[in-house]
Every structure is written in structure tokens, then in C-alpha cells.
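Student: got a sequence here, can you model it:
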Amino acid sequence: MTDNRLDTDAELVARLADTLDEAALAHRTVARPTDSTDLDLTTAYRVQRAVIDRRLARGEALIGVKMGFTSRAKMIQMGVDDVIWGLLTDAMLVEEGGVLDPGGLIHPRIEPEIAFLIGSPLSGTITPAEAVRAVAGVAVAYEVLDSRYADFDFTLPDVIADNASAAGFGFGTWHDPAGLDLSNLGLLVEIDGRVVASGSSAAILGNPLRSLIAAARLAAEAGLELRPGWVVLAGAATAAMPLPKGVHVRVSAAGLGRAEVTTR
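Tutor: Below you'll find the model as predicted:
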């Protein structure tokens, strides 16, 4: 006997994924799913995965995850008590010092991050020591955000369905994690040589390593593992800033060097 509710859920997931995927390809905004649908978090993550599956079917490859809502202030603002995540594909990666065309985005923003390079598989409940042992490298990074929703306005299920606003990312030189204290690294964002934001890695759950531990837990809940060679973006150290065309952006972190990108 067919479970009509499951059929209806599958149809809803497919419809929302098609809408968000087509909006991203066409560079246009769409209505928030929660404006017309009672979308819970479990279904929102199914939509997210379905959107990514469409990208993979077009030839992209999964290469990591990004963490969101890793600041206590953002959690309070959104009324949640846990982080969220999105998935990263190779098409989102901008090579170090490379060029990004924000014209293909709707309302691009950029934020400074700490990135981890996974050296051995991670999934499930892990200790800080296990997390450190699994890390092959640490780097300063940036994430480019975009949203398919007008005015960057969304609820929690909306942003999860929209892959946590992930649009692009880049990172600097990888550093050996041994002996690195990531708990309070100063980060700067410069646009055309002018400092536009500064923050600390302490804004990322008190220590970015905690974000990596959370990523391993969320991976297990999603039936995935963090694979060797994957990148984990631990979360933002400052608020996201608008990313205009025709500028040079440098993100730097004490002890980790810099990551740079130019927009055209």
C-alpha cells in the first residue's frame, strides 16, 4: 500500500528544490517556502540535499561543508540553539588570488572564516582530540553568501533549504594544526586596501574547533562523513558584508596569512 503522505512529501521536496535551483541558475529571487508551506527543519534539509543533487547531476562534485549560525548572537536572533550547515561543491571554489564574477549572484556578501582541511574521515560524536587528529591543515578563508530570497530575508527552514546561503568560497595556504591555538585569532577584511571589518575566531562558537566537532555530528545525522580532502568552513568571525564588483578583497588572520579574491 502506498503512503500518500510520503508521496506528497517527496513531491514537495522536489518542487521546492526545482524552484530554488532554477532561481539560482536564472539569478532571480523567489518567494520563501515558508510563506506558503509548513516547512519543518527535516524537510528543509531534504530540500537542500535535493538542490545539491541537481548540481551533482550537472557534473559538480561535493568537496566540503559550511557551518552557519556559529555565533551566539546569530543563534539568539534566529531563535535556535544549534548550528546549521550547507554543502560545498567544486563549482563554488575560487582559487587563491582568483577572480569572482558577482554578477552571477543576486545579492552577494562576503565574510571571513577559518577553514579546516580534512585528513581522515570524521563522522558522529567526536572529542576535540579526535577532531585535531583528523585535520590535515588550517587556513584563513572567506565565504561568499547569496540568497534566493528578496532582501536576504528568511526564516530558519528557508535558509536551510537554500543551502545555508552558500555561493562561493576560497582559502589561503594550509598550515599544520599542531600547536595552533585557534581560540582567539584576529581576522581582518580589507576591500581595496581599506579595513572594512575585524573580528576574532572566538566568535566561532568560542573556538572554530567546536564547529568542526558539530560538523561531524551533523554529517552523521545526514548519513554522510567528512571525507579526506574535504574543506569545512567553520563559520564567520564577523557579520557578512556586501561584495561589490570591481574590487580586491583580502582576508587575513594572525598566524595564518591571507586569502585574496578580485571581483569583476
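
Student: need the strands for the stretch 1-150 of the chain, in chain order.
Tutor: Ranges of strands in the stretch 1-150 of the chain, per DSSP state E, counting those that start in this stretch, are 62-68, 84-89, 99-100, 109-118, 135-145.

Student: to residue 18, which of those strands lies closest?
Tutor: strand 84-89 (17.5 Å; Cβ to Cβ). In this view, the C-beta of every residue, glycine as well, is placed from N, C-alpha and C.

Student: deepest-packed of the strands of the stretch 1-150 of the chain, please.
Tutor: Burial of these is given as mean neighbour count (mean count of other Cβ atoms under 10 Å); strand 109-118 ranks first at a mean of 26.

Student: which helix in the chain has the most residues?
Tutor: helix 4-26 (DSSP state H).

Student: and the residue nearest to residue 99 when sequence neighbours are not counted, what does it touch?
Tutor: Counting by Cβ to Cβ, 6 or more residues apart in numbering, residue 99 lies nearest to residue 262, which is 5.1 Å off, once chain neighbours are set aside. Residues in contact with residue 262 (Cβ atoms under 8 Å, 6 or more residues apart in numbering) are 97-100, 247-249.

Student: in the helix or strand containing residue 262, what counts as buried?
Tutor: Using DSSP states H and E, residue 262 maps to strand 257-263. Neighbour-count burial for strand 257-263 flags 258-261, 263 (criterion: 16 or more other Cβ atoms under 10 Å).

Student: what do you get for stretch 183-203?
Tutor: Buried, per 16+ other Cβ under 10 Å, within stretch 183-203: 185, 187-191, 197, 199, 201-203.

Student: where in this protein is pLDDT low?
Tutor: 1-7, 73, 77-78 (pLDDT under 70).

Student: I'd guessed residue 70 sits against residue 205; true?
Tutor: Yes: contact criterion Cβ atoms under 8 Å: residue 70 and residue 205 qualify, at 5.1 Å.

Student: compare these two (neighbour count), which wins?
Tutor: residue 70 (25 against 22; other Cβ atoms under 10 Å).

Student: distance-wise, check the residue nearest to that one when sequence neighbours are not counted relative to residue 248.
Tutor: Leaving aside its sequence neighbours, residue 70 sits nearest to residue 235 (Cβ to Cβ, 6+ apart; 2.9 Å). Using Cβ to Cβ, to the nearest Å, residue 235 is found at 24 Å from residue 248.

Student: now swap in residue 174 and tell me
Tutor: 22 Å.

Student: could you do residue 102 as well?
Tutor: 13 Å.

Student: quick one: secondary structure of residue 206?
Tutor: Secondary structure state of residue 206, per DSSP: H, G, I helix; E, B strand; the rest coil, is coil.

Student: surely it meets residue 183?
Tutor: Yes: with contact defined as Cβ under 8 Å, residue 206 and residue 183 form a contacting pair (7.1 Å).

Student: quick check: neighbours shared by these two?
Tutor: Common contact partners of residue 206 and residue 183 (Cβ under 8 Å, 6+ apart): none.

Student: show me the helices in this protein, by range?
Tutor: Using DSSP H, helices in the chain cover 4-26, 41-57, 72-78, 128-134, 156-161, 208-221.

Student: so who does residue 190 touch?
Tutor: 196, 249-252.

Student: try 7 Å
Tutor: 196, 250 (Cβ atoms under 7 Å, 6 or more residues apart in numbering).

Student: tell me the bridge partners for it.
Tutor: residue 195, residue 250 (DSSP bridges).

Student: and the gap between it and residue 153?
Tutor: In terms of Cβ to Cβ, residue 190 sits 28 Å off from residue 153.

Student: need the nearest residue in space to residue 54, chain neighbours excluded.
Tutor: residue 21 (4.8 Å).

Student: could you report the neighbour count for that neighbour?
Tutor: Neighbours of residue 21 (other Cβ under 10 Å): 20.

Student: cool, and residue 95?
Tutor: With other Cβ under 10 Å as criterion, residue 95 counts 9.

Student: rewinding a little: can the helices of the chain go into a markdown table with extra columns for distance to residue 240?
Tutor: Below are these laid out as a markdown table (distance: least, Cβ to Cβ, whole Å):
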| stretch | distance to residue 240 |
| --- | --- |
| helix 4-26 | 18 |
| helix 41-57 | 19 |
| helix 72-78 | 10 |
| helix 128-134 | 26 |
| helix 156-161 | 12 |
| helix 208-221 | 16 |
